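Colleague: Pasting a predicted model and its sequence here:
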Amino acid sequence: MNLDYKSVGLKAGLEIHQQIDTHKLFCNCPSMLRDNKPDAVVKRKLTAVAGEMGEIDIAALHEREKSLTFNYEIYNDTTCLVELDEEPPHPLNEEALKIALEVALLLNAKPVPEIQVMRKIVIDGSNTSGFQRTALIARNGFLQTKSGKVNIPTICLEEDSAKIIKQDKDYVTYRLDRLGIPLVEIATSPDVHSPEQAKEVAEYIGMVLRSTGKVKRGLGTIRQDVNVSIEKGVRVEIKGVQDLRSIPKVVEKEAERQFLLIKNNEKLKNEVRKANLDNTTTFLRPMPGAARLYPETDVPPIVITKEYLMSIKLPKLLSDKVSELASEYGISEALAKEIIAKNINIEEYQKIFPNISPSITAQILIETPKEIKSRLQLNPDKLTQEDFFMVLKHLNNGEIGKDAVIDILAEIVKGHKIDLAKYKQLSDEELKKEIARIMKEKPGLLQNAYMGLIMNKFRGRVDGKKVIEIIRSLNI
């Protein structure tokens with residue numbers, strides 16, 4: 001189905017949850033995920049209580065009706081009484097707070113003057129206490145997209161939930177290694193009006209987060225929720241969109257689902273849905289309301305002064321680094337982006353190998369492994385930094401040509417001994433004599449034909465530009 005998103009009134013907003021690379025938010029336990037056998041298991045049942053408004057939240061009631069038993073797996077060296085809700089929380093992790101404020105400032109948001117930690121009722125078992133601790137740290141940020149401005153009304157610092165291990169109709173087993181890891185939560189307004197714009201927003205926020213160099217990387221360290229509605233529809237929150245590439249499809253499919261329900265005169269409900277692997281969604285629980293929030297009395301408020309904010313040093317955005325690198329070294333922005341993503345110091349390579357242009361060095365380090373994998377069907381992961389240094393050294397000294405690099409690296413992957421004599425560059429005089437001999441033996445061929453004969457015979461040992469230059473000079 002191809003919807004006209006403007007005519008159906010598509011509105012979407014994102015909630016990005018990113019783990020911060022420090023110890024846990026309310027204790028000193030390390031933020032370390034485990035997969036070995038736990039030291040103990042604690043069993044609990046949770047119940048819903050009234051929030052600050054004196055009402056029990058509808059989402060909490062929904063979970064209470066399941067009457068599940070929760071099993072919590074713990075480790076003696078990375079789990080403490082705070083995670084088990086047997087000890088009050090420690091003071092809020094100041095390092096995590098400064099990193100979250102760094103993100104907020106990079107997103108043009110205004111930090112709040114006083115940070116008050118709140119309790120958000122969550123009784124699906126993912127928090128042993130029955131609530132998640134969260135704090136509003138900044139408001140009224142924004143970012144620019146190709147389709148216009150997208151506002152960021154709130155940025156929060158909160159604790160991550162426990163990790164689900166297995167589930168049955170009567171119980172759920174969680175692991176407490178993830179519980180308490182600091183998260184920065186970035187929520188946008190519903191200013192997104194197309195699936196591709198949603199992806200653009202997520203990519204930009206992800207770039208800002210990585211620019212700090214202080215967030216966790218890898219599977220499960222960042223999670224994206226998407227809020228979607230269309231005209232005459234309702235706001236639906238879609239949880240757990242893990243893959244950035246899936247965001248446009250999830251938005252598209254939810255818009256289509258609401259469109260078909262409206263077309264068939266079926267009732268739509270404000271609800272939370274779960275993202276499936278095929279980008280469809282399934283019902284998870286009713287949409288929560290404000291009734292589930294109330295102040296955390298065990299953590300004192302934190303005043304954010306001008307002096308405190310002045311102590312936060314903002315990093316350069318990765319997007320700016322990419323543009324500067326591409327401009328300085330005359331390489332494409334796509335290549336510059338990969339260089340930065342792989343943390344390659346191209347300036348250092350230039351100092352070590354001054355006779356190789358930065359673009360060729362970048363191509364060898366980034367593109368050659370891809371070609372070894374795609375064209376030669378070999379595993380480039382077997383190559384070490386020493387292997388790349390070796391070929392770059394011989395290329396820098398003029399002992400091999402750049403066309404020989406992929407052949408040499410491929411031989412290393414295969415485990416073969418390298419005979420550099422096979423790849424020794426022909427001198428200009430030797431090359432000129434060889435071209436003259438072939439042209440005499442096979443007169444009347446096109447320039448490209450001579451080029452092919454020479455390149456096939458001396459693959460990796462001659463420079464293509466030099467070959468065609470000599471052919472043209474001799475074929476007058």
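Modeller: In hand now; what should we look at? Remember, it's a predicted structure, so these values are computed and weren't measured experimentally.
Colleague: State the helix or strand in which the closest residue in space to D298 that isn't next to it in sequence lies.
Modeller: When the adjacent residues along the chain are set aside, D298 lies closest to P88, with 4.3 Å between them (Cβ to Cβ, 6 or more residues apart in numbering). To be clear about C-beta, it is placed using only N, CA and C from the backbone, and glycine gets the same treatment. In this structure, P88 sits in neither a helix nor a strand according to DSSP states H and E.
Colleague: Can you check the pLDDT for P88?
Modeller: Note on P88: pLDDT of 95.
Colleague: for the one 3 residues further on, same thing?
Modeller: pLDDT, the model's per-residue confidence, is 95 for P91.
Colleague: all helices of the stretch 1-150 of the chain, in order?
Modeller: Secondary structure of the stretch 1-150 of the chain (DSSP state H, counting those that start in this stretch): helices at 58-64, 94-106.
Colleague: average pLDDT for the longest one?
Modeller: Spelled out, that is helix 94-106. Computed over helix 94-106, the mean pLDDT rounds to 97.
Colleague: can you give me the offset of stretch 369-380 from its chain's centre?
Modeller: In terms of Cα atoms, centre = their mean, to the nearest Å, the centre of stretch 369-380 is found 24 Å from the chain centre.
Colleague: If you could redo that for stretch 210-218, that was the one I meant.
Modeller: Centroid separation for stretch 210-218 versus its chain: 9 Å, with Cα atoms, centre = their mean.
Colleague: That one: end-to-end distance?
Modeller: As for stretch 210-218, its first-to-last residue distance stands at 12 Å under the measure Cα to Cα, to the nearest Å.
Colleague: check which helix or strand covers the residue most central in space within the chain.
Modeller: Taking Cα atoms, centre = their mean, the centroid of the chain lies closest to G206, which sits 5.9 Å from it. In this structure, G206 is located in helix 195-211 according to DSSP H and E.
Colleague: and P88, how many residues sit next to it?
Modeller: 12 (other Cβ atoms under 10 Å).
Colleague: Actually, E252.
Modeller: For E252, the count of nearby residues is 21 (other Cβ under 10 Å).
Colleague: And for L105?
Modeller: By other Cβ under 10 Å, the residues close to L105 number 17.
Colleague: Could you give the backbone dihedrals for the nearest residue to it once chain neighbours are set aside?
Modeller: On the basis of Cβ to Cβ, 6+ apart, the spatially nearest residue to L105 that is not a chain neighbour turns out to be L314, at 5.9 Å. Note on L314: its backbone torsions stand at phi -80, psi 140 [degrees, to the nearest 10].
Colleague: ditto for Y294
Modeller: Comment: the main-chain dihedrals of Y294 come out as phi -160, psi 160, following degrees, to the nearest 10.
Colleague: hey, what's it bridged with?
Modeller: Listed by DSSP bridges, the beta-bridge partners for Y294 are R119.
Colleague: Just give me the neighbour total for it.
Modeller: The criterion is other Cβ under 10 Å. On that basis, Y294 has 17 neighbouring residues.
Colleague: go on, V42?
Modeller: The local packing of V42 (other Cβ under 10 Å) involves 18 other residues.
Colleague: ok, now which ones touch the residue nearest to it when sequence neighbours are not counted?
Modeller: Using Cβ to Cβ, 6+ apart and skipping the chain neighbours, the partner closest in space to V42 is Y72 (4.6 Å). Under the criterion of Cβ atoms under 8 Å, 6 or more residues apart in numbering, the contact partners of Y72 comprise 41-44, 84, 128, 162, 173-176.
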